[in-house]
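Engineer: the sequence isn't on hand, but the structure is:
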């Protein structure tokens, strides 16, 4: 699949997720093994100190990991597990999650993600994540 | 602080988080080292297959971990890092995240969380998580 | 398989691992979904402060997770990934790692582990871990 | 501290760890935020299939993460937690763990590590890790 089609297909999937639509997620790039997901910062995704809520940062990491894995395994994938370290409060206008597949087998990919917050044009790292993406049948998803 | 006050204070904090309010999170129990957070399942927190979006499950785990840690360290805490394994699709009427502190020092707690989905009155485990909660100054949060 | 046979088979596997033999690991219990691995503390597994080296604690967690998963999936398994939080220096005479499977599908199990150190007869928690165990073919192990 | 002194000091620390000496770990590079640790593959670090035991791979990752964090925070550090994904069996002559600090505050660093196995001169990725390194007092290490 060429990258334009891959990105189109990825955006179509995102549009099917009510939660992603609600949160305002935008798929900016999708290529084999790479993904960039962005979320404009609005009042409704903050926590009590005015930072983007950690749950939104982890959503962005999780979804970017899934797309990076899906771009090499196919779209019927799930994130089976991931780990995230928050390194700075996310204060800014836009969250940018970039993920890449560091390994891909037939049914499983291991991916990493950096989440940045863009503040007045400058990007600052706010979280790093790492996780496993699986083709759906391999995960006993029917249970 | 007695548990009634702790729960009141916890609910007041939750009400200050626009994202938590929007997602419909409810704090059902808070005691030293223990927390139960629930989220009613509505259409807007689903993904494309009709399951609760993984980002909502990880939000629930993350926030429950934070509360369990905060209940022993004090409320000015953050989740510094966590890891989550999704074990079943979350299909049901209500997410229930129960977290406990397995270790608490002066500035740091290590907590675990089980996330269940309630379907027709029965609870099924859908994710397990583990993470570190830090008092805010220890995390260089001013950076 | 009854538990006596399971434990015998588990010990036979451990005896085939040169690294486990060298480190002095002992399998004390193995039942479906449960495992207890112990390591006597000797001078050669310490780090520079006289504590058991973190690498030994993580070895104990990793191997106990593998056995707990293997006890429900079959013996041809690997730990695909795990996460560990160290909560106290391991000072004592004996490391005790207890693991359990919290979920088991056909090809994958998610397990948790508590690692204690026994000091003068008393057990203290020194680490907690969580990870995924896979049947070997599912992990593209031939690559 | 210049890099030659940093590397000398790092090697002196490694020589003080009986477990690291026994396992044959060698510190090949240490610079602010970067570390390379190698372990020659010998019969005594294998598991039953002739691969390097996962516990040795996680030891290498853990120790490389600690050094990468220590190189920016100072030497009195510990790995508080880490996560590792094994992506390929480690078959070869030499393990090479390269770690870098992706964030460093005053008391805490977040680091990533790639572990390669060198087989007939070619390096293959066999594991990726991510974790938190803390200055010792911040971890309640006295408990």
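Structural biologist: Thanks, I have it. A quick note: this is a predicted structure, and the numbers were derived from the prediction, not measured.

Engineer: CA atoms for contacts and neighbours, from now on please.
Structural biologist: Fine.

Engineer: remind me which residues of chain A are low pLDDT?
Structural biologist: A:1, A:137-143 (pLDDT under 70).

Engineer: near chain B, which residues of it are found?
Structural biologist: For chain A, the contact set with chain B under Cα under 8 Å from any Cα of the partner chain comprises A:13, A:16-20, A:22, A:43-48, A:53-56, A:58-60, A:62-63, A:79-89, A:141, A:143.

Engineer: which helix of chain A spans the most residues?
Structural biologist: Assignment by DSSP state H gives helix A:54-73 as the longest helix of chain A.

Engineer: let's see which of the residues of chain A next to chain B end up in strands.
Structural biologist: Among these, DSSP state E puts A:79, A:80, A:81, A:82, A:83, A:84, A:85, A:86 in strands.

Engineer: pretty sure residue A:131 sits against residue A:78.
Structural biologist: No: here residue A:131 does not reach residue A:78: they are 10.7 Å apart, not a contact under Cα atoms under 8 Å.

Engineer: most centrally placed residue in chain A?
Structural biologist: residue A:64 (1.8 Å; Cα atoms, centre = their mean).

Engineer: leaving out sequence neighbours, find the closest residue to that residue.
Structural biologist: residue A:99 (5.6 Å; Cα to Cα, 6 or more residues apart in numbering or on different chains).

Engineer: for that neighbour, pull up the helix or strand it's in.
Structural biologist: Secondary structure assigned from DSSP states H and E places residue A:99 in strand A:94-104.

Engineer: tell me the buried residues in that strand?
Structural biologist: A:94, A:95, A:96, A:97, A:98, A:99, A:100, A:101, A:102, A:103, A:104 (16 or more other Cα atoms under 10 Å in any protein chain shown).

Engineer: wait, what's in contact with the residue nearest to residue A:13 when sequence neighbours are not counted?
Structural biologist: Excluding the flanking residues, the one nearest residue A:13 by Cα to Cα, 6+ apart is residue B:48, at 7.3 Å. Shown in contact with residue B:48 (Cα atoms under 8 Å, 6 or more residues apart in numbering or on different chains): A:13, A:16, A:17, A:18.

Engineer: now with 10 Å, please.
Structural biologist: A:13, A:14, A:15, A:16, A:17, A:18, A:19, A:20 (Cα atoms under 10 Å, 6 or more residues apart in numbering or on different chains).

Engineer: what about the second one, how many residues close to it?
Structural biologist: For residue A:14, the number of neighbouring residues by other Cα atoms under 10 Å in any protein chain shown comes to 20.

Engineer: correct me, but it touches residue A:23?
Structural biologist: No: counting by Cα atoms under 10 Å, residue A:14 stays clear of residue A:23, with 11.0 Å between them.

Engineer: list, one by one, the residues from chain A near chain D.
Structural biologist: A:82-88, A:102-105, A:108-112, A:114, A:125-132 (Cα under 10 Å from any Cα of the partner chain).

Engineer: quickly run through the sheet partners of the longest strand anywhere in chain A, with directions.
Structural biologist: Using DSSP E to define each element, chain A has its longest strand at strand A:122-135. Partners of strand A:122-135 in the sheet, by DSSP bridges, are strand A:77-86 (antiparallel), strand A:108-119 (antiparallel).

Engineer: ok, which of those strands comes nearest residue A:136?
Structural biologist: strand A:77-86 (5.1 Å; Cα to Cα).

Engineer: can you pull the buried residues of stretch A:48-55?
Structural biologist: Buried residues in stretch A:48-55 (16+ other Cα under 10 Å): A:50, A:51, A:52, A:53, A:54, A:55.

Engineer: hmm, the fifth one is touching residue B:65, no?
Structural biologist: No: when contacts are counted by Cα under 10 Å, residue A:54 is not listed as touching residue B:65 (11.8 Å).

Engineer: now do the shared contacts for those two.
Structural biologist: B:59, B:78, B:79.

Engineer: quick check: closest non-adjacent residue to the last one.
Structural biologist: Right, the one you point to is residue B:79. residue B:133 (4.4 Å).

Engineer: check contacts around the one you found.
Structural biologist: Residue B:133 neighbours (Cα under 10 Å, 6+ apart): B:62, B:65-70, B:73, B:77-82, B:101, B:104, B:107-111, B:139.

Engineer: residue A:38 reaches residue A:26, doesn't it?
Structural biologist: Yes: taking contacts as Cα under 10 Å, residue A:38 lies within contact range of residue A:26: 5.1 Å.

Engineer: thanks a lot, see you next time.
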